[in-house]
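Student: here is a sequence together with a model predicted from it:
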Amino acid sequence: MHDGIVFFERYIDDCILVLNKNIDEQSIKIILENICICIFHDKIADVAKRCKTKFNPAKFQYISRKTLTKNISTIDYLGYEFYFKIKQNKSIDIQFGITTSKRDKYNIRIDELIRLYTDTQSTDYGNLELLRHRISAFTKRSVYTTKRLNSTVWKIKGFISNYGELRYMLGTHLIHNDTNLFLKNMVKDAFGRAGVRVPYFLTSTQGEAAYSLFENMKRNRTLLFINNIGYDYSSLARLCSKIGINTTTGAVKRRGYGTLVRDYLIKTKVGY
């Protein structure tokens, strides 16, 4: 199926195809089914029976110029949403965003951070400083290293790293309005849903920007837990002390840099 393909991308079992010629939806499905049979189903009968590789009809999406109207048509891929619309001059307007399901997923995560702060049964009840650190970590990306066998492995976590491709489009028409509003307002909106007064660190313009997904993504703000090029040991220890993480073992012996990074990421709900 090389005829007309100008772009192909695969991530694990999700694929996207872009063609520069029109092929109707049913023909595309037939071609892909034949390719699947050719590649994954061996001619030896007992092997073919054991092969469970198949297309998921529920995830198949198709858009062509002929099917586009003045209404917006969308497809999603790896949590990104692509919006297509025919403009009055017959050109195609394309915008990008984050799918509703992914936005809902992250809303649930920040709702949980606030719940831990407001729930009288939670061990984190009323700990505003811990909540501040958790929101700070949630709205930034975290970079650290771990050891695997004899190798050093770099780890990158966080919302803005998961959707980093949008960073280059922020502030332009290319970002869909639903995603634009989500990135700008999601933290304050979460306090509204919880019926909780917005905390002091979000009440100023500067403070609001410091905990904004939009601003932090635009600037690629990072908690860099790499000694010598990011937080040094003293800075990391101060960070940990603010949320009740012990920096020493016993009376004197200080805990290792990597151990403090692990404890901080776990306590701020980033994960390690």
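Tutor: Happy to help now that I have it. Residues are numbered from 1 along each chain as shown.
Student: can you pull out the helices in the stretch 101-250 of the chain?
Tutor: 128-138, 159-162, 177-194, 205-210, 213-219, 233-241 (DSSP state H, counting those that start in this stretch).
Student: pLDDT weak spots in the stretch 51-200 of the chain?
Tutor: 70 (pLDDT under 70).
Student: so can I have TSV of the helices of the stretch 101-250 of the chain showing distance to Arg262 and mean neighbour count?
Tutor: Every residue, glycine included, has its C-beta placed from N, CA and C. TSV is the format used below for the helices of the stretch 101-250 of the chain (distance: least, Cβ to Cβ, whole Å; neighbours: other Cβ atoms under 10 Å):
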stretch	distance to Arg262	mean neighbour count
helix 128-138	13	19
helix 159-162	18	19
helix 177-194	26	17
helix 205-210	25	13
helix 213-219	23	20
helix 233-241	11	15
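Student: how much space between Leu223 and Tyr117?
Tutor: For Leu223, the distance to Tyr117 (Cβ to Cβ, to the nearest Å) stands at 20 Å.
Student: stretch 220-230 spans what distance, first to last residue?
Tutor: 14 Å (Cα to Cα, to the nearest Å).
Student: for it, buried residues please.
Tutor: Residues 221-223, 225 are the ones in stretch 220-230 that count as buried (16 or more other Cβ atoms under 10 Å).
Student: show me the contacts for Ile94.
Tutor: Neighbour list for Ile94: 82-84, 174 [criterion: Cβ atoms under 8 Å, 6 or more residues apart in numbering].
Student: starting at the chain centroid, how far to stretch 116-123?
Tutor: 27 Å (Cα atoms, centre = their mean, to the nearest Å).
Student: in that stretch, what counts as buried?
Tutor: 116-117.
Student: name the residues that touch it?
Tutor: Contacts of stretch 116-123 with the rest of the structure, by Cβ under 8 Å, 6+ apart, involve 115, 124-128, 130-131, 194, 196.
Student: show me what counts as buried in the helix or strand Ile39 falls within.
Tutor: Using DSSP states H and E, Ile39 falls within helix 25-40. Residues Ile28 are the ones in helix 25-40 that count as buried (16+ other Cβ under 10 Å).
Student: can you tell me what sits against it?
Tutor: Contacts of helix 25-40 (Cβ under 8 Å, 6+ apart): 1, 23, 51, 53-55, 60, 62, 64.
Student: mind giving me the domain split of this structure?
Tutor: Per the record, the chain has its domains at 1-61, 101-267, by automatic domain parsing.
Student: centre of the chain to the first one, how far?
Tutor: On the basis of Cα atoms, centre = their mean, the separation between the geometric centre of domain 1-61 and that of its chain is 27 Å.
Student: output the buried residues of stretch 220-230 as JSON lines; include the columns pLDDT and distance to Ile39.
Tutor: Shown next, in JSON lines, are the buried residues of stretch 220-230 (pLDDT from 0 to 100; distance: Cβ to Cβ, whole Å):
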{"residue": "Arg221", "pLDDT": "96", "distance to Ile39": "43"}
{"residue": "Thr222", "pLDDT": "96", "distance to Ile39": "41"}
{"residue": "Leu223", "pLDDT": "97", "distance to Ile39": "43"}
{"residue": "Phe225", "pLDDT": "97", "distance to Ile39": "43"}
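Student: ok, the residues you listed vs Ser161, which is closest?
Tutor: Nearest to Ser161, judged by Cβ to Cβ, of the buried residues of stretch 220-230 is Thr222 at 8.6 Å.
Student: per-residue pLDDT, Lys49?
Tutor: Confidence at Lys49, expressed as pLDDT, is 64.
Student: read off the pLDDT value for the closest residue in space to Ile266 that isn't next to it in sequence.
Tutor: Using Cβ to Cβ, 6 or more residues apart in numbering and skipping the chain neighbours, the partner closest in space to Ile266 is Tyr272 (5.4 Å). Looking at Tyr272, its pLDDT reads 90.
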